[in-house]
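>>> Sequence first, predicted model second:
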Amino acid sequence: MIDDLLEGNAKFVAGEFLPNEEYYQTIAAKQTPKVLWIGCSDSRVSEHQMTGSKPGTMFVHRNVANIVAFNDVNISAILEYGVVHLKIRDIIVCGHTRCGGIAAIEDGVHENYIADWLCIATGAKEAANRIAKERKLSREEKLAVLTEENVKLQIKHLKSLALIRNMHAKGSLPRIHGWLYRVETGSIEVLVDGRAEGEATSRKGAAARKKPAKKRSSP
Ligand SMILES: [Zn+2]
């Protein structure tokens, strides 16, 4: 397998890099990614490939079950570097079907670190449990609901982080999008459309900036 990877690299250099050398030299000088991607570590979920994007498009963080943890210095540093220094204006949280992490949230796991990590998605499991009970869902249907609820919960976590909260309070982006990638079809489904929300946020911000300061009433 390792030989295949190195052979693949030689093919990449000859077939992709050299024919597009100007582009690759531009990004070699400076990266200017437009999107911050938070996805699952799953080997089938390759963000650049599924979106037909070239290297240099996305600043990427991936972990088991695309989780945004409050106490995760790793993701916090990536977010800070992405939105403050690289000035990225769009964050995508992308879940996917057939996610082993999601199945583990549903079934429960005993391995220490995986169990602790997946605890962060407990809220999504509670929501999925409620919906599954109301709608009498099968296991497959419930896993689909849990996958969606997990993306929504991680967006909630993201919006709760002080870094993002303060940026939103100032009326500045980033916009936050929730996506689902279907490993069976290769298609992306938009669960949370951050495009509309971002416009609303920036309009609100613009309105707030234009709004004259309230006159103090006379004593
Ligand atoms: Zn996964």
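Received it, and whenever you're ready, just let me know what you need. Note that this is a predicted model, so its numbers are computed, not measured. Numbering: from 1, shown residues only.

>>> can you list the residues of the protein near the ion?
Counting by CB under 5 Å from the ion, the residues of the chain close to the ion are 40, 42, 99, 101. For glycine as for every other residue, the C-beta is placed from the backbone atoms N, C-alpha and C.

>>> so who does residue 84 touch?
Contacts for residue 84 (CB atoms under 8 Å, 6 or more residues apart in numbering) come out as residue 163.

>>> Would you agree it falls within a helix?
Yes: the assignment for residue 84 (DSSP: H, G, I helix; E, B strand; the rest coil) places it in a helix.

>>> Distance check, it against the ion.
Note on residue 84: its distance to the ion, by CB to the ion, to the nearest Å, is 28 Å.

>>> For residue 5, see how far away that residue is.
34 Å (CB to CB, to the nearest Å).

>>> Which other helices and strands does the biggest helix by length in the chain contact?
Counting residues, the longest helix found in the chain (DSSP state H) is helix 139-160. Helix 139-160 sits against strand 90-96, helix 100-107, helix 122-135, helix 162-169, strand 175-181, strand 188-192, with contacts defined as 3 or more CB pairs under 8 Å, 6 or more residues apart in numbering; DSSP states H and E.

>>> among the ones you listed, which gets the worst mean confidence?
Note on the helices and strands packed on helix 139-160: helix 162-169 shows the lowest mean pLDDT, a mean of 83.

>>> between it and strand 175-181, how big is the angle?
Angle, helix 162-169 to strand 175-181, by axes from the mean of the first three to the mean of the last three CA atoms, to 10 degrees: 120 degrees.

>>> Enumerate every residue touching the spatially most central residue of the chain.
The residue lying closest to the centre of the chain (CA atoms, centre = their mean) is residue 93, at 2.0 Å. Residues near residue 93 by CB under 8 Å, 6+ apart: 38-39, 66, 68, 151, 154-155, 158, 176-179.

>>> Looking at those residues, which one is closest to the ion?
Taking CB to the ion as the measure, the ion lies nearest residue 66 of the contacts of residue 93, at 6.9 Å.

>>> Give me the number of neighbouring residues for that closest one.
Using other CB atoms under 10 Å, the number of residues around residue 66 comes to 30.

>>> That one: what's it in contact with?
Taking CB under 8 Å, 6+ apart, one finds 38-40, 93-96, 101, 150-151, 154 in contact with residue 66.
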